[in-house]
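Participant: predicted model follows, preceded by the sequence.
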Amino acid sequence: MYPDNVLPPSRFSFPEWQLLYQSALLEFDKKELSHRIITAESAIHNRLVSIAGDSNHHAEREAIEDALLGLNYLKRELAEDCRNEA
């Protein structure tokens, strides 16, 4: 279910989405990176939906905010790389 290049689920506080986020961070193949970003964003979105009515997830929401910033950075870098190759 999870890529081989990530730490085991027990090493994360929120493995439902952190494993997929880490996989995107560690991806070097530009074609695969786009897919990993989308997969991580989808997992984060699903988690946000599942905790939407619960105020007990402050630490996770902060971690999600940081992860989304990281994914946005990866998307900008990927887009810039694509423009430079054109």
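Facilitator: Looks like it arrived, so ask away.
Participant: can you pull the contacts of the closest residue to Arg61 other than its chain neighbours?
Facilitator: Distances taken as Cβ to Cβ, 6 or more residues apart in numbering place Ile51 nearest to Arg61, at 7.6 Å, with adjacent residues excluded. In short, each C-beta sits where N, CA and C put it, glycine included. Going by Cβ atoms under 8 Å, 6 or more residues apart in numbering, Ile51 touches His57, Glu60, Arg61.
Participant: in the longest helix seen in the chain, what's buried?
Facilitator: The helix that spans the most residues within the chain, counting by DSSP state H, is helix 58-85. By neighbour count with 16 or more other Cβ atoms under 10 Å, helix 58-85 contains the buried residues Glu60, Ala63, Ile64, Ala67, Leu68, Gly70, Leu71, Leu74, Lys75, Leu78.
Participant: re the thing from before, quick one, phi/psi of the residue nearest to Arg61?
Facilitator: For Ile51, the backbone dihedrals (degrees, to the nearest 10) come out as phi -110, psi 10.
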